[in-house]
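> What would the 3D arrangement of this be:
(one chain, ligands or ions: 1)
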Amino acid sequence: MALISLENISFRYRRQQVIQQLDLELDDGGVLALLGPNGSGKTTLLKLMLGILHPHGGTVRLDGQDIRRIPAKERARRLAYVPQVHREAFGYRVFDVVLMGRMPHAGFLGRYGAEDRRLTDEALERMGISHLSERPYTEISGGERQMTLIARALAQGARVLVLDEPTNGLDYGNQQRLLDRLMALKQDHYTCLFTTHHPDHARRVADRVVMLQQGAILRDGSPAETVTPANVATLYGLESCTEHHHTQGEHLCCP
Ligand SMILES: Nc1ncnc2c1ncn2[C@@H]1O[C@H](COP(=O)(O)OP(=O)(O)OP(=O)(O)O)[C@@H](O)[C@H]1O
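Below is the predicted model:
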């Protein structure tokens, strides 16, 4: 049985149709990258998968169960969402931002216990940001914030991580480090789904790539099958795209 299945999903914001009769199944394990131009519906699709938005047609299932019937707390124990990095209005300590991931497990009156704090420490360590624990979230860099949000998702205890443009706004080094973390999570048997504007990132870490164009799937398959110069040119409406091979692998170049 698929971990998440989208069956004949349609969604619109007011009159704008954004997702059109889309079918997609996500299995347990591995990394799926979602590629698509601005406005193609990637974030909307993630929110439908998470049960944050509900489709106007079709059904979203989590482990075979209609996601609308799964209470929010229970969904949060199974699926963790890492939204695009944002600036928190309040200067919570990094530790507290990550601890908030324990909310779906918190006891009576939302109190956190010693186990919640231990899992928070563990998540901070896993993302390599224990040294930031006491710093205000408003006073750390974009890359550090991204790591903090992933740590919060790990503390949440869900085995499925859904990340919206996790490399957005990161410098080259931090992008590579973040992709390495995603690969490490895959080794630890997490299931990861992420959106990206970088076909090369999809190629580097994903086992499967879904290309979304105007709310419909253009291609779905392994990176070798999907992230080809011809498909990338079609996806982004470019005249041409070429592939460069070097010792570290290949990368695409679209003039
Ligand atoms: N809350 C909203 N209300 C109305 N329209 C929306 C809303 N959110 C998104 N849209 C519209 O739906 C379409 C799809 O948006 P979505 O954010 O899913 O695309 P995306 O592929 O994630 O884009 P990007 O790559 O720019 O982040 C866009 O045309 C957008 O303007």
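> List the beta-bridge partners for the most centrally placed residue in the chain.
Centroid check for the chain by Cα atoms, centre = their mean gives Leu163 as the closest residue, at 1.6 Å. Beta-bridge partners recorded for Leu163 (DSSP bridges): Val82, Phe194.
> wait, what's in contact with it?
Neighbouring residues of Leu163 by Cβ atoms under 8 Å, 6 or more residues apart in numbering: Val82, Ile150, Ala153, Leu182, Cys192, Leu193, Phe194, Thr195. All C-beta spots, glycine's among them, are computed from the backbone N, C-alpha and C.
> Would stretch 165-177 count as contacting the ligand?
No: residues of stretch 165-177 are not located near the ligand by Cβ under 6 Å from any ligand atom, the shortest gap being 6.7 Å.
> mean confidence for that stretch?
Across stretch 165-177, pLDDT averages out at 88.
> What of stretch 214-223?
96.
> Relative to Pro104, how far out is the residue nearest to the centre of the chain?
18 Å (Cβ to Cβ, to the nearest Å).
> so who does Arg75 touch?
Arg75 neighbours (Cβ under 8 Å, 6+ apart): Leu50, Gly51, Leu62, Ile67.
> State the distance from it to Pro199.
Taking Cβ to Cβ, one finds Arg75 at 31 Å from Pro199.
> Assess the claim that Leu149 and Ala80 are in contact.
No: counting by Cβ atoms under 8 Å, Leu149 sits too far from Ala80 to count as a contact (9.6 Å).
> show me where pLDDT drops low in the stretch 151-255 of the chain?
246-251, 253-255 (pLDDT under 70).
> any chance you could map the strands in it?
Taking DSSP state E, counting those that start in this stretch, the strands of the stretch 151-255 of the chain run over residues 160-163, 191-196, 208-213, 216-221, 242-246, 249-253.
> Count the residues that sit near Gly39.
Using other Cβ atoms under 10 Å, Gly39 has 12 neighbouring residues.
> Strand 191-196 and the longest helix along the chain, what's the angle between them?
As assigned by DSSP state H, the longest helix anywhere in the chain is helix 172-187. Angle, helix 172-187 to strand 191-196, by axes from the mean of the first three to the mean of the last three Cα atoms, to 10 degrees: 150 degrees.
> helices or strands up against helix 172-187?
strand 30-35, helix 142-155, strand 191-196, helix 199-205 (3 or more Cβ pairs under 8 Å, 6 or more residues apart in numbering; DSSP states H and E).
> need these in a markdown table with distance to Arg117, can you?
Shown next, in a markdown table, are the helices and strands packed on helix 172-187 (distance: least, Cβ to Cβ, whole Å):
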| stretch | distance to Arg117 |
| --- | --- |
| strand 30-35 | 30 |
| helix 142-155 | 10 |
| strand 191-196 | 25 |
| helix 199-205 | 31 |
